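**Q** Turn this into a structure:
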Amino acid sequence: MNSIMLGAAASYYANGSFVLAIVIAAVVLILAIVFFRYVPLGLWINARASGAPVKISSLVGMRFRRISPQKIVNAYIKARKAGLDVTTDMLETHFLAGGNVERVINALISAKQASINLSFTTACAIDLAGRDVLQAVQMSVLPKVIETPPVAAIAQDGIELRAKARVTVRTNIERLVGGAGEETIIARVGEGIVTTIGSSTTHKAVLENPDSISQTVLEKGLDKGTAYEILSIDIADIDVGRNIGAQLQMDQAEADRRIAQAKAEERRAMAVAHEQEMKAAVQEMRAKVVEAEAKVPLAMAEALREGKLGVMDYYQMQNTIADTEMRSGIAKAATPNQDIAKPLDGKK
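**A** Prediction:
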């Protein structure tokens with residue numbers, strides 16, 4: 001009986017040791033996972049091997065601050081290899097501000113190799129302003145050519161010219177933050193082209209000497225307040241367009257013709273209205289005549305009743321009227337002969 005109890009106890013202790021071993025192994029595994037999750041041991045070894053040591057506590061702090069240690073360490077190693085005076089705190093600050101750490105370090109390395117004075121603070125400011133600081137440094141080393149769209153302008157002789165220019169610019173690092181961009185350069189160059197062509201007496205003078213446009217535009221200092229420095233302005237092409245002066249004269253002549261036509265139409269309408277007024281006046285006078293003639297018999301009858309007009313006087317007056325009508329009839333008799341002779345001329 002005692003032996004049975006001792007065997008059961010030994011079996012119990014053996015099973016308990018196995019479970020405890022499994023629990024300890026699980027805890028160790030979890031701790032290892034957490035350790036390697038928050039402690040980038042590989043990056044720490046890589047940084048020390050590259051000659052840019054980083055404290056393990058700094059790497060753990062980056063994990064807790066939700067900063068990618070990979071980006072910070074790689075940029076730091078690259079900066080130290082290039083001889084830049086940059087710390088991990090500076091890189092973390094720029095990363096937390098929303099900047100591109102790798103692009104800033106690449107720009108600083110390119111600027112140092114090209115002997116361009118560019119500080120880390122200025123590079124960060126340019127990057128946070130939304131400009132590509134690496135491209136700006138590259139444009140300082142290798143200037144960029146900006147081609148303007150065709151600019152139409154009219155010379156004083158009324159001929160239209162279309163000019164296209166190529167502007168060679170390089171980045172001005174000091175004015176990159178707050179300076180105007182390429183659109184301003186293109187607009188100012190276009191304004192200079194229009195001014196130069198517009199002040200020319202003839203379009204032939206511009207075609208004979210297109211360098212006058214470049215000289216005039218360069219003298220205006222068009223790169224003031226911009227992020228670029230204009231090196232040269234070359235006129236690539238000049239085309240002759242329409243004769244705007246002649247077109248304006250034609251339009252003016254057409255407008256004058258329409259004005260004269262409108263005035264003539266106004267005068268004709270006034271003449272027609274005046275004619276209608278005269279016809280109405282004639283009809284009014286005829287009505288008055290008819291009215292007066294209607295009063296004559298009444299006046300004669302009144303005169304006969306009052307004895308102011310005798311019967312013989314009345315007959316003499318009738319004879320006179322009859323004689324007048326006879327003479328009028330004789331005069332009208334000759335009129336048809338004249339009307340008959342008109343068709344002989346070949347006109348209807």
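
**Q** And the helices in the stretch 151-300 of the chain?
**A** Applying DSSP state H, counting those that start in this stretch to the stretch 151-300 of the chain gives helices spanning 182-198, 203-208, 211-219, 244-306.

**Q** residues of stretch 113-128 that come out buried?
**A** Neighbour counts over stretch 113-128 (16 or more other Cβ atoms under 10 Å) mark 116, 118, 120, 122-128 as buried. All C-beta atoms are positioned from the backbone trio N, CA, C, and that covers glycine.

**Q** Sort out which of those are in helices and list them.
**A** Those of the buried residues of stretch 113-128 mapping onto helices are 120, 122-128, per DSSP state H.

**Q** Among those residues, which one lies nearest to residue 154?
**A** Lowest distance from residue 154 to those (Cβ to Cβ) belongs to residue 126, with 41.3 Å.

**Q** Next one, pLDDT for that closest one please.
**A** pLDDT for residue 126: 85.

**Q** Tell me if I'm right that residue 239 and residue 162 touch.
**A** Yes: using Cβ atoms under 8 Å, residue 239 makes contact with residue 162 at a distance of 4.5 Å.

**Q** shared neighbours, those two?
**A** Taking Cβ atoms under 8 Å, 6 or more residues apart in numbering as the criterion, residue 239 and residue 162 both touch residue 150.

**Q** out of the two, which sits in the more crowded spot?
**A** Per other Cβ atoms under 10 Å, whichever of residue 239 and residue 162 has more neighbours is residue 162, with 16 against 12.

**Q** State the pLDDT value of the more buried one.
**A** On pLDDT, residue 162 comes in at 87.

**Q** Name whatever forms a beta bridge with it.
**A** Per DSSP bridges, the residues bridged to residue 162 are residue 152, residue 239.

**Q** Does it touch residue 235 like I think?
**A** No: Residue 162 is beyond contact range of residue 235, at 11.3 Å (criterion: Cβ under 8 Å).

**Q** I'd like the distance from stretch 144-164 to the chain centre, please.
**A** 17 Å (Cα atoms, centre = their mean, to the nearest Å).

**Q** Which residues outside that stretch are in contact with it?
**A** 165-170, 182, 185-186, 189-190, 193-194, 196-203, 205-207, 210, 213, 235-246, 248.

**Q** Recalculate using a threshold of 7 Å.
**A** 165-169, 182, 185-186, 189-190, 193-194, 197-198, 200-203, 206, 213, 235-246 (Cβ atoms under 7 Å, 6 or more residues apart in numbering).

**Q** Same question for stretch 212-222.
**A** Stretch 212-222 has contacts (Cβ under 7 Å, 6+ apart) with 163, 185, 188-189, 192-193, 196, 230, 233-235.

**Q** Repeat the analysis, applying 10 Å as the threshold.
**A** Contacts with stretch 212-222, where a contact means Cβ atoms under 10 Å, 6 or more residues apart in numbering, come from 151, 153, 161, 163, 165, 167, 184-185, 187-197, 199-200, 205-206, 209, 228, 230-235, 238.

**Q** In PyMOL, how would I select the buried members of those residues?
**A** Typed into PyMOL, the line below selects the buried ones among the contacts of stretch 212-222, using 16+ other Cβ under 10 Å:
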select buried, resi 151+153+161+163+165+167+184+185+188+189+190+192+193+194+196+197+200+206+228+230+233+235+238
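
**Q** tell me which of the buried residues of stretch 113-128 is nearest to residue 326?
**A** Closest approach to residue 326 among the buried residues of stretch 113-128 (Cβ to Cβ): residue 126, at 120.4 Å.

**Q** burial of the nearest residue to the closest one once chain neighbours are set aside, as a residue count?
**A** For residue 126, ignoring the flanking residues on the chain, the nearest one in space by Cβ to Cβ, 6 or more residues apart in numbering is residue 133 at 4.3 Å. For residue 133, the tally of surrounding residues (other Cβ under 10 Å) stands at 28.

**Q** Distance of residue 133 relative to residue 124?
**A** 8 Å (Cβ to Cβ, to the nearest Å).

**Q** and what of residue 232?
**A** Applying Cβ to Cβ to residue 232 and residue 124 gives a distance of 32 Å.

**Q** rewinding a little: right, so the helices of the stretch 151-300 of the chain: which one is the most enclosed?
**A** Greatest average neighbour count among those goes to helix 182-198 (a mean of 18), per mean count of other Cβ atoms under 10 Å.

**Q** Quick check: which helices or strands does it pack against?
**A** strand 144-147, strand 151-154, strand 159-171, helix 203-208, helix 211-219, strand 228-243 (3 or more Cβ pairs under 10 Å, 6 or more residues apart in numbering; DSSP states H and E).
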